[in-house]
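What follows is a predicted protein model with its sequence.
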Amino acid sequence: MKAELFLRKPPRALLTRSLNHASVAVVKRTLLACLLLLSLASMTACRNAVYSAYENFGIYKRDLLKKRVVSARDEEKGAQQEFKDALTRLKELTGFEGGDLEKHYRRLQSDYDDAAARVSAVHKRVQDVETVAGDLFTEWDKENRQIETDTLRQTSRQQLNETRQRYDEMLLALKKSERSMDPVLRKFHDYVLALKHSLNAQAIADLRGESSKIQQEVAKLIEDMNSSIAGADEFIRQFPK
């Protein structure tokens with residue numbers, strides 16, 4: 001009988017324990033959500049304070065966006081040069097016919113390190129561009145709805161839409177180039193490590209096929225970067241004064 005009662009009705013202790021576990025889980029999720037909201041609110045408040053400080057010197061969000069795009073473009077140019085140097089080094093190693101292999105490897109490792117640092121900087125610059133652009137377009141849209149004169153509101157709205165369209169086109173090319181960097185960088189890293197483990201002519205011969213593939217991918221990446229840099233230049237040129 002006691003066994004039947006146990007099956008039909010769990011003891012109060014088990015129910016309490018289950019409820020406690022559920023309550024703890026709910027509390028944890030709530031706290032995490034609150035911390036996330038507080039973090040976002042804090043970040044927004046910090047950005048607003050920075051924007052206000054800039055505006056005291058006559059520098060507005062549109063000016064900051066232009067500066068961020070210039071910085072992203074320049075950083076991408078730097079990354080492009082690093083990949084070009086790596087491409088040259090890979091070609092030299094592919095045709096290696098003797099000499100100080102350790103020296104060639106050290107240079108290739110240095111090329112990889114420089115490229116990795118540049119790629120990381122590009123990611124940061126792109127994030128800065130997206131943050132300022134989002135804040136600018138949000139503010140612009142809000143202020144546009146505050147304009148009561150129809151003709152002025154329509155003019156402002158048209159300018160906003162045109163600027164946003166040019167920005168989207170520029171960002172699309174920039175993101176495409178950015179996304180292409182990490183996969184190439186990872187393969188480059190694999191090649192450098194494999195070469196490090198066997199610093200001899202046979203290793204060069206064994207890795208020749210992979211080197212050729214990486215060279216092709218680096219060349220394609222450089223083309224993507226050229227398109228992205230050209231898109232940034234055009235966006236900067238057409239950006240409202």
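Cool, the structure landed. Numbering: from 1, shown residues only.

Break this protein into its domains for me.
2-44, 60-238 (automatic domain parsing).

do you know which of those lies nearest residue 50?
Closest to residue 50 of these, according to C-beta to C-beta: domain 60-238, at 8.9 Å. C-betas here are computed from N, CA, C, even on glycine.

So which elements touch the longest helix along the chain?
Longest helix in the chain by number of residues, with DSSP state H as the criterion: helix 150-197. Contact here means 3 or more C-beta pairs under 8 Å, 6 or more residues apart in numbering; DSSP states H and E; on that basis helix 150-197 packs against helix 61-94, helix 101-144, helix 201-206, helix 208-238.

Lowest mean pLDDT across those helices, which one is that?
Of all the helices and strands packed on helix 150-197, the segment with the smallest mean pLDDT is helix 201-206, scoring a mean of 72.

sorry, back to before: would you turn the domains of the chain into CSV with mean neighbour count?
Shown next, in CSV, are the domains of the chain (neighbours: other C-beta atoms under 10 Å):
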stretch, mean neighbour count
domain 2-44, 10
domain 60-238, 16
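
Could you point out which of those sits nearest residue 52?
Comparing these by C-beta to C-beta, domain 60-238 comes nearest, at 10.7 Å.

Determine how far the last residue of the closest one lies from the first.
Domain 60-238 stretches 17 Å from its first residue to its last (C-alpha to C-alpha, to the nearest Å).

Distance from it to the middle of the chain?
Centroid separation for domain 60-238 versus its chain: 9 Å, with C-alpha atoms, centre = their mean, to the nearest Å.

swap in stretch 43-63?
22 Å.

ok so, going back, quick one: closest of the domains of the chain to residue 51.
Among those, domain 60-238 comes nearest to residue 51, with 6.3 Å by C-beta to C-beta.

Check the model's average confidence along the longest helix of the chain for me.
92.

Closest to the centroid, which residue in this structure?
Centroid-nearest residue in the chain, with C-alpha atoms, centre = their mean: residue 123, separated by 3.5 Å.

Quick one: residues contacting residue 137.
160, 164, 167 (C-beta atoms under 8 Å, 6 or more residues apart in numbering).

any idea of the pLDDT on residue 9?
For residue 9, pLDDT reads 51.

What of the one 4 residues further on?
Per-residue confidence (pLDDT) for residue 13: 55.

before we move on, the earlier item: ok, the residue nearest to the centre of the chain - contacts?
When contacts are taken as C-beta under 8 Å, 6+ apart, residue 123 is in contact with residue 178.

one more time with 10 Å, if that's ok
Shown in contact with residue 123 (C-beta atoms under 10 Å, 6 or more residues apart in numbering): 72, 75, 178, 181, 182.

Kindly report the same for residue 107.
85, 86, 88, 89, 92, 93.

any idea how far the third one is from residue 64?
Distance, residue 88 to residue 64, by C-beta to C-beta, to the nearest Å: 36 Å.

circling back to that earlier point, output the domains of the chain in CSV; the columns should cover distance to residue 51.
Listed next are those as CSV, based on distance: least, C-beta to C-beta, whole Å:
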stretch, distance to residue 51
domain 2-44, 10
domain 60-238, 6
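
My guess is residue 188 contacts residue 218. True?
Yes - using C-beta atoms under 10 Å, residue 188 is in contact with residue 218, at 7.7 Å.

where do the contact lists of those two overlap?
Listed as contacting both residue 188 and residue 218 by C-beta under 10 Å, 6+ apart are 83, 86, 87, 90, 115.
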